[in-house]
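Undergrad: Got a predicted structure plus its sequence, pasted below:
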Amino acid sequence: MTVIDVHTHMFTTKWLELLKQHGGQYNIKTRPDGQHEIFRGDTPVVLPQKGHFDWDLRIQHMDQAGIDISVVSLTCPNVYWGGEEVSCAAAREANDNVADAQSRFPDRIRWFASLPWEYPQRAIQELERSCAKGAVGVMVLANVAGRSLTDPMFDPIWAEIDRRGLPVLVHPTDPPGVDAMDMTKFDLSWSVGFMFDTTLAITRMIFEGFFDRYAKLKIIASHGGGTLPYLVGRFEKGDEVELPSRRQMKRKPTDYLRHIYYDSITYNLGALQYLISVVGPEHVMLGTDWPHWVHDTKGAFANTAALAQGHMRAIRGENAKRVFGF
């Protein structure tokens, strides 16, 4: 069985230097334990680790864990800062770095392209360049500098991704309003805000008929879909009482939840089992979030090992082979 991790991240030293110089609200602060963390204002965003920068260490981790292929992506805050030229340069830097890693480890590394989404034509150009260099999908944050993913300005990008039939990893970041919602302490921006960010982004897609317009898209909702599975009943009831004149989707909300894909990062076996009960085992793929401080490689294997053999095999690799065409 080929084991495929679809949710694992990287940074580059040059990308980090660009963020330090041109990141605007993004800044580096020192935690009480001495580690350097990326913040947006006073909101913690991500804690870089050695594994984000070291490809040899990544392969060592994969070997020890039993992961055959990692589909790697730049994580938040991605490249949505610094203006057009900086954003494009940051995307090229990240994409070139992981393309080079795939050249070094052709049997082990695949990757999601990062795009300067705020500049649609430049984003389409970077998508074309990245696919030519070997990208197998696209990573997008659940909000692009505060803009919804269904904002009409992004339509040309989505149309091109749909034309190519590419998988898209929708990954959260700190949602707009975290300061007003008092999420800056206790890492609530991560434990609650990130889940809210993904959930809201995908819910908009469902109710706005996004998946009817872009039928070939293969959306992967991070972290077990946030709270999407738990809200299935509310979505169905909301659709039941919706005014017909306002309804935009053509199917039922549950149909769309079973149309998209999810990673297995739930940190809890019961949550993973519930996700499977809602969307089916054929729509869940293995994720570890390595090398984040909160990665759960051991949990990913332990939780999937507790499932029925057929479900385990599907989630650990068979689904990803089908979705990505490996």
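TA: That came through, no problem.
Undergrad: rest of the way, CA atoms for contacts and neighbours
TA: Will do.
Undergrad: Now Thr150: closest residue in space that isn't a chain neighbour?
TA: In space, and not counting its chain neighbours, Thr150 is closest to Met205: 6.5 Å by C-alpha to C-alpha, 6 or more residues apart in numbering.
Undergrad: Now the helix or strand hosting the one you found: buried residues?
TA: Here Met205, judged by DSSP states H and E, is contained in helix 194-207. By 16 or more other C-alpha atoms under 10 Å, the buried positions in helix 194-207 come out as 194-203, 205-207.
Undergrad: Each with direction, which strands does the strand or helix carrying Asp5 pair with?
TA: Element membership of Asp5, judged by DSSP H and E, is strand 4-10. Strands that pair with strand 4-10, judged by DSSP bridges, come out as strand 69-74 (parallel).
Undergrad: circling back to that earlier point, what residues does the helix holding Met205 touch?
TA: With C-alpha atoms under 8 Å, 6 or more residues apart in numbering as the test, helix 194-207 has contacts from 142-143, 148-150, 170-175, 211, 221-223, 225-228, 247-249, 253, 256.
Undergrad: Buried among those? Make that a PyMOL selection.
TA: In PyMOL, a selection of the buried entries from the contacts of helix 194-207 looks like this (16+ other C-alpha under 10 Å):
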select buried, resi 142+143+148+149+150+170+171+172+173+174+175+211+221+222+223+225+226+227+228+249+253+256
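Undergrad: Check what pLDDT Phe186 gets.
TA: On pLDDT, Phe186 comes in at 83.
Undergrad: Would you mind measuring from it to Pro44?
TA: 10 Å (C-alpha to C-alpha, to the nearest Å).
Undergrad: got it, and Trp158?
TA: 29 Å.
Undergrad: And the two? Which one has more around it.
TA: Ranked by neighbour count (other C-alpha atoms under 10 Å), Trp158 and Pro44 place Pro44 first, with 25 against 21.
Undergrad: The more buried one contacts Ser189, doesn't it?
TA: Yes - using C-alpha atoms under 8 Å, Pro44 is in contact with Ser189, at 7.2 Å.
Undergrad: Now do Ala180, the pLDDT please.
TA: 82.
Undergrad: so what's it up against?
TA: No residues are in contact with Ala180 under the rule C-alpha under 8 Å, 6+ apart.
Undergrad: Please apply the same query to the one 5 residues further on.
TA: The contact partners of Lys185, by C-alpha under 8 Å, 6+ apart, come to Thr43.
Undergrad: Same check on Glu236?
TA: Shown in contact with Glu236 (C-alpha under 8 Å, 6+ apart): Lys252, Pro253, Thr254.
Undergrad: What separation do you get for it and Met195?
TA: Separation of Glu236 from Met195 (C-alpha to C-alpha): 20 Å.
Undergrad: cool, and Arg313?
TA: For Arg313, the distance to Met195 - C-alpha to C-alpha - is 27 Å.
Undergrad: Ramachandran angles for Gly51?
TA: Here is the backbone geometry of Gly51 (degrees, to the nearest 10): phi -60, psi -20.
Undergrad: One more: Ile220?
TA: Torsion angles, degrees, to the nearest 10, at Ile220: phi -110, psi 110.
Undergrad: what's the pLDDT at it?
TA: Per-residue pLDDT puts Ile220 at 98.
Undergrad: and Leu74, how many residues sit next to it?
TA: By other C-alpha under 10 Å, 24 other residues sit near Leu74.
Undergrad: can you give me how far the strand holding Asp5 is from the chain middle?
TA: Distance, stretch centre to chain centre, for strand 4-10: 9 Å (C-alpha atoms, centre = their mean, to the nearest Å).
Undergrad: mean confidence score for whichever helix or strand comes after it?
TA: Later in the chain than strand 4-10, the nearest helix or strand by DSSP H and E is helix 13-22. Averaged across helix 13-22, the pLDDT comes to 93.
Undergrad: other SSEs contacting helix 13-22?
TA: Contact partners of helix 13-22 among helices and strands, from 3 or more C-alpha pairs under 8 Å, 6 or more residues apart in numbering; DSSP states H and E: strand 26-30, helix 83-104.
Undergrad: Of those, flag the one that's most buried.
TA: Per-stretch averages of neighbours, counted by mean count of other C-alpha atoms under 10 Å, single out helix 83-104 among these, with a mean of 20.
Undergrad: Kind regards, and thank you for your time.
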